[in-house]
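In: Fold the following for me, if possible:
(chains A and B)
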Amino acid sequence: MVESLAPLVMAEDMAKKYGDFIALHPLNVEVHAGEFFGVFGPNGAGKSTFIKLLTGQLRPSKGRIEVLGINAVSDPQKVKANIGIVPESESPPSFLTPVEFLEFVAKLRTVENFNEQVEHWIEWFGLGEKRDTMCKDLSKGQRQKVMLAAAFIHKPKLLFLDEPFANLDPIYQRKCRQWLLEHVKNGGTIFLCSHVLEMAERMCNRMAIINNGKVLAAGTVKGLKQSKDETLEDVFIRLVGRSIEDVERFSDEGVKDKDDEEE
Amino acid sequence: MTGVRVVSRDWDEVTDVQPALESGNSLGTSAHDQQLHEPLRGWNAFSTTFLVMFKEEGRKSLEFAKKRQMVLFPLLLTLVTAITTIGLQFLVGDSSAQVADIESKTFTWQELRFALHLPLLMFSLGMGTFAFMGHDAIVHRSGTKNYLLAAPALQPLPNSVAHFAYFIKDLCFYVMLILSPVVAGMAVGILLESLAGISTPLEWSSLPWTWLAMIITLAQGLAIAFLASALWMRGRPFTIFGPVVIVALGIAIGLGKFDIGSMLWGLGVQSSQSILGAALALLASLAVGLCSSALIIDDFDISVVERDELLTPIYNRLGFLGKGEIRLIVAKEFVDLIRSGSLKKMTVSYAIPLLVLLGMAWLVDFAEAPIPINLLSYAPFLGFFGFNFYSWLTILDSPEFMNGLPLGVPQLIRAKVVVYFLATSWISLIFIVLMAWRLDEWGALPTSIIVMFANSIYIVALTAFLMGLRPNKAIFDASIMIWFWIGTVIPLLLLFLLSFTQGDVSLYGNWWERTSEGGLAATAAMYDQSMVEQGYKGMIAISVGLILASALLWKLMDRRWGYAEFSN
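Out: So this is what the prediction gives:
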């Protein structure tokens, strides 16, 4: 295969089961360079499992996974060394400062001249004043910035982001969004996991909707809409199995009940 | 080519069950122009992780104990050891450390060394369960506290390297904060000989060997506990055979089939003063640690398993606790214990030493033992396990979510004390009844049960009162450890000494008086009925005192922890 045509990420029948519970049904995935790919789904749909399997954080129950030419099942360390991961809810180690944590992750990845990179990302995220504060004493948003910096510090082309903006203020949300779009424009590839559909509209060029561990639909954002008037929220509700009327009736009943109480 | 292709299939459509591990037969992905980083491996990964972990440990300890107490703790150890060093002359007579004398009224140096290494091994066995710690760190990393031990879940670092770094870090920390101050105390004791004319039989040349030998014992204990926990984490058959082997080994040692002295590598090194022996023993300990870390697999799965409702059924069974919030918290704690798998782990680790003692009692004729151990001697001994069990209870889950609930820290602490009592008392009771049957000391059983429960409740209440929700971090806090030492050693010593007036009274009556006069060469005396009665009364009185003290600590819990935040 010609290298420039080769995908960055490929999985064949990748699946995960916990006891009798199927977290992710067998999935074939192929992602090429320059994609901003979003995985969307309701809570507990299997989005995080999807990302954790591709990044070597979880061992699959079935299937083969390869990322950047590295077998993610047999050498997950090498995969982790060459991609950037922002997990959904994890914090940096409580008793290290942001600078120490970034130095640690850069050293593990054998990044050359890592001090420059550490300084760059500390400044970029506005953590200068907190550089020597232990992470346990940072706010949630600041801890999230440290996790983002740790994912970017070795300049990976391939990024896996699980609800990356959950705790960021609007200024840094916008700053990060612009940086990520620029990254893709320059040949980078991003996997994004979220249940915030607005992000798909604003950032992703392709997306998949997942529910109960199965991909229900995948394609471009435009391609998933059945009509011009259909919003992405409509698409989402249609695919995950609840009719829009059901949701609207539910909302109306909620309002009605409240009105009744006030009367 | 660009784009994304994502297609799902049904679970049953794919029959190949095993994930593909082989590196050959590539799927055809490529890194394109990205220069791939090779993750740190081997020594480089270890040294990088170790240095940061060492820093982390220092800050963790400082967070609880504060700087002043952290410095005070080694100073306290130095002071206690200096006093002990001066007192050595009364224990060993006039002989120097280099002479292996055997005098009738004194201990031999070998006996003293044994008394140094055995407790040190026990301590390190209790502190070396790194595999359990690592698993807990992985499970809890999405909480507000995250530790480097959980780093392999996300960073390019093998779990085994992180665990080995943790093992070496702990070893270094204990050497720095416990062993070195102890040896420094010995040095101060010797110095006093030249400065203040106080005579001490210890010599300068003994110190480096004592220090090295203690490090070896510590490393050995940590490594063995690490190995046991790593095997346990691998599940069956290790969870079944492991405890059986430990009990069999304990009984074999008790029967004299194995000389425990020969199993204490540090003791062997101190006795032989062989450099080769020291190097081999240290390397062997490190090798056990390394093998244990290799047993830790890179498994970061957090099982998603559905369970039947447990809280309400448990709550309903706890009617005897009334209708207050303690009952609700106790029910929640039991759910944590059961669902985390800790109940099995803790029950086994609580029962193993008791099974060893029971096995020994079955096979050893205590009439031939140098100390008149009897049923009443075991009763206070059981309370010692309370500290470890309570410590485990405090790390089952993060209590921080309770900060937003109408609850206070004292209520949670009290609930944990109740859980400890409910979870372990039946084991202790079975043990003491079986022991009474084996030793044929039914007459002493009611008193033993009172002593056992009083002591058990008291030690856990004291631990809970002094250390709250963070007993593991209190260990280097001098101000707490002084009170803990005073609060436990005095009553326990009194109970032990009084217990020796009982037992096989036809042989050991008036034991204290005899040993005061004759030292280790004391001989048995005739049955002394009045002393037996006094002993019983004394033990009952102390037990009542301990129960009252526990009640007082229970009350004072609000004053000490009433304004604390929920955090472990």
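In: where along the stretch 1-150 of chain A do the helices fall?
Out: In the stretch 1-150 of chain A, the segments counted as helices under DSSP state H, counting those that start in this stretch are A:47-54, A:76-82, A:98-108, A:114-124, A:140-152.
In: right, and the ones you listed - which one's nearest chain B?
Out: helix A:76-82 (3.8 Å; CB to the nearest CB). (C-beta placed from N, C-alpha, C; glycine too.)
In: Quick check: which ranges of the stretch 101-250 of chain B have low pLDDT?
Out: Along the stretch 101-250 of chain B, the model assigns pLDDT under 70 to residues B:101-107, B:141-144, B:196-198.
In: what residues does it put near chain A?
Out: B:141-142, B:144-148, B:150-151, B:153-158 (CB under 8 Å from any CB of the partner chain).
In: one more time with 10 Å
Out: Contact residues (CB under 10 Å from any CB of the partner chain) of the stretch 101-250 of chain B with chain A: B:137, B:141-158, B:161.
In: Kindly give a single PyMOL line that selects the buried subset of those.
Out: Selecting the buried subset of those in PyMOL, with 16 or more other CB atoms under 10 Å in any protein chain shown as the burial test, is done by:
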select buried, chain B and resi 137+141+145+146+147+148+149+150+151+152+153+154+155+156+157+158+161
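In: Residue A:27 is in contact with residue A:9, isn't it?
Out: No: with contact defined as CB atoms under 10 Å, residue A:27 and residue A:9 do not form a contacting pair (11.7 Å).
In: Contact partners for the residue lying closest to residue B:184 once chain neighbours are set aside?
Out: Counting by CB to CB, 6 or more residues apart in numbering or on different chains, residue B:184 lies nearest to residue B:78, which is 4.8 Å off, once chain neighbours are set aside. Counting by CB atoms under 10 Å, 6 or more residues apart in numbering or on different chains, residue B:78 touches B:180, B:181, B:182, B:183, B:184, B:185, B:186, B:187, B:188, B:189.
In: What of residue A:34?
Out: A:8, A:157, A:184-190, A:205, B:2-3, B:32.
In: Tell me where the stretch 251-400 of chain B is predicted with low confidence.
Out: The model of the stretch 251-400 of chain B has pLDDT under 70 over residues B:254, B:261, B:302-307, B:360-373, B:384.
In: Angles on the backbone of residue 169, please.
Out: All of this is about chain A. Torsion angles at residue A:169 (phi, psi; degrees, to the nearest 10) stand at phi -80, psi 160.
In: Can you look at chain B instead?
Out: When read as degrees, to the nearest 10, the backbone of residue B:169 gives phi -60, psi -50.
In: what residue ranges in the stretch 151-263 of chain A score low on pLDDT?
Out: In the stretch 151-263 of chain A, residues with pLDDT under 70: A:242-263.
In: same thing but 90
Out: Scanning the stretch 151-263 of chain A for pLDDT under 90 picks out A:163-167, A:187, A:194-203, A:205, A:212, A:216-263.
In: For it, which segments are assigned as strands?
Out: Assignment of strands within the stretch 151-263 of chain A using DSSP state E, counting those that start in this stretch yields the ranges A:158-162, A:189-194, A:206-211, A:214-220.
In: From start to finish, how long is stretch A:153-162 in a straight line?
Out: Chord length of stretch A:153-162, first to last residue, is 17 Å (CA to CA, to the nearest Å).
In: next one: it to chain centre, how far?
Out: In terms of CA atoms, centre = their mean, to the nearest Å, the centre of stretch A:153-162 is found 10 Å from the chain centre.
In: what about the nearest residue to residue B:161 once chain neighbours are set aside, which SS state?
Out: What sits nearest to residue B:161 in space, not counting adjacent residues and going by CB to CB, 6+ apart, is residue B:45, at 4.8 Å. Per DSSP: H, G, I helix; E, B strand; the rest coil, the secondary structure class of residue B:45 is helix.
In: got the contact list for residue B:45?
Out: A:77, A:107, A:108, B:39, B:156, B:157, B:158, B:160, B:161, B:162, B:164, B:165.
In: after the one helix or strand residue B:431 maps to, next one along is what?
Out: Take DSSP states H and E as the rule and residue B:431 turns out to sit in helix B:409-439. Using DSSP H and E, the helix or strand that follows helix B:409-439 in sequence is helix B:445-467.
In: Could you give me the buried positions within that next one?
Out: By neighbour count on 16+ other CB under 10 Å, the buried set for helix B:445-467 is B:445, B:447-467.
In: Show me the domain layout of the chain.
Out: You didn't pick a chain, so chain A it is. What automatic domain parsing lists as the domains of chain A is A:3-221, A:225-263.
In: right idea, wrong chain: chain B
Out: B:40-303, B:342-568.
In: Make TSV out of the ones you listed and add distance to residue A:137.
Out: Converted to TSV, those look like this (distance: least, CB to CB, whole Å):
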stretch	distance to residue A:137
domain B:40-303	10
domain B:342-568	13
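In: just to revisit the earlier point, mutual contacts of residue A:27 and residue A:9, please.
Out: Taking CB under 10 Å, 6+ apart as the contact criterion, the common neighbours of residue A:27 and residue A:9 are A:54, A:65.
In: does residue B:564 sit in a helix, a strand or a coil?
Out: When classified by three-state DSSP, residue B:564 comes out as coil.
In: contacting residues for it?
Out: The contact partners of residue B:564, by CB under 10 Å, 6+ apart, come to B:408, B:409, B:410, B:412, B:413, B:468, B:469, B:470.
In: Now for the nearest residue to the fifth one once chain neighbours are set aside: which residues touch it?
Out: This points to residue B:413. By the measure of CB to CB, 6+ apart, the closest residue to residue B:413 outside its immediate chain neighbours is residue B:464, 4.9 Å from it. The contact partners of residue B:464, by CB under 10 Å, 6+ apart, come to B:386, B:390, B:393-394, B:410, B:412-414, B:416-417, B:420, B:471, B:550, B:553-554, B:557, B:560-561.
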